[in-house]
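Peer 1: Whatever this is, show me its structure:
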Amino acid sequence: MDISQLSQSHTKVTIKGKIIDISTIKTFTRFGSPGKVAVAVLEDESGKIDLTLWDDDTSNFTVGDEVIIEDGKVKEFRGVKQISTGNKGSIRKV
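Peer 2: Residues are numbered from 1 along each chain as shown. The predicted structure follows:
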């Protein structure tokens, strides 16, 4: 599936793209445990989408990495469409 075809209702999405930007990693506490989050921009030939990276994934990827997201979940946060691996998905370098 292409990025331009993604909509908020898509779950279990498999998509391939290139990371073209990554925000600064932010740390937080959830349920008494530390966590980390960063927002990357994922691009393919059809468009771009924000990619939410959680915890270890925040430091496992860098700008320029080609990645495949399997079983990804698309949602909207603060009016911006984004994809993440959710609880059951995965992300890996190609």
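
Peer 1: got the buried residues for stretch 56-64?
Peer 2: 57-58, 61 (16 or more other CB atoms under 10 Å). For the C-beta atoms, the positions are set from N, CA and C on the backbone; glycine is no exception.

Peer 1: before we move on, what about stretch 28-44?
Peer 2: Going through stretch 28-44 with 16+ other CB under 10 Å, the ones that come out buried are 37-44.

Peer 1: the helices in the protein, which residues?
Peer 2: In chain order, the chain shows helices spanning 57-60, with DSSP state H as the criterion.

Peer 1: where exactly do the strands run in it?
Peer 2: If DSSP state E is used as the criterion, the strands of the chain fall at 11-22, 26-30, 33-44, 47-54, 66-77, 80-84, 90-93.

Peer 1: any chance of those in CSV, plus mean pLDDT and distance to residue 5?
Peer 2: Compiled in CSV, the strands of the chain are given as follows (pLDDT from 0 to 100; distance: least, CB to CB, whole Å):
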stretch, mean pLDDT, distance to residue 5
strand 11-22, 96, 9
strand 26-30, 94, 30
strand 33-44, 96, 10
strand 47-54, 96, 9
strand 66-77, 94, 10
strand 80-84, 94, 12
strand 90-93, 97, 19
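
Peer 1: So for residue 2, which of these sits nearest?
Peer 2: Evaluated with CB to CB, the strands of the chain place strand 33-44 nearest to residue 2, the distance being 6.0 Å.

Peer 1: For the residue nearest to the spatial centre of the chain, give me its contacts.
Peer 2: In the chain, the C-alpha nearest the mean C-alpha coordinate belongs to residue 51, at 2.5 Å (CA atoms, centre = their mean). For residue 51, the residues meeting the contact criterion (CB atoms under 8 Å, 6 or more residues apart in numbering) are 19, 39-42, 69, 82-84.
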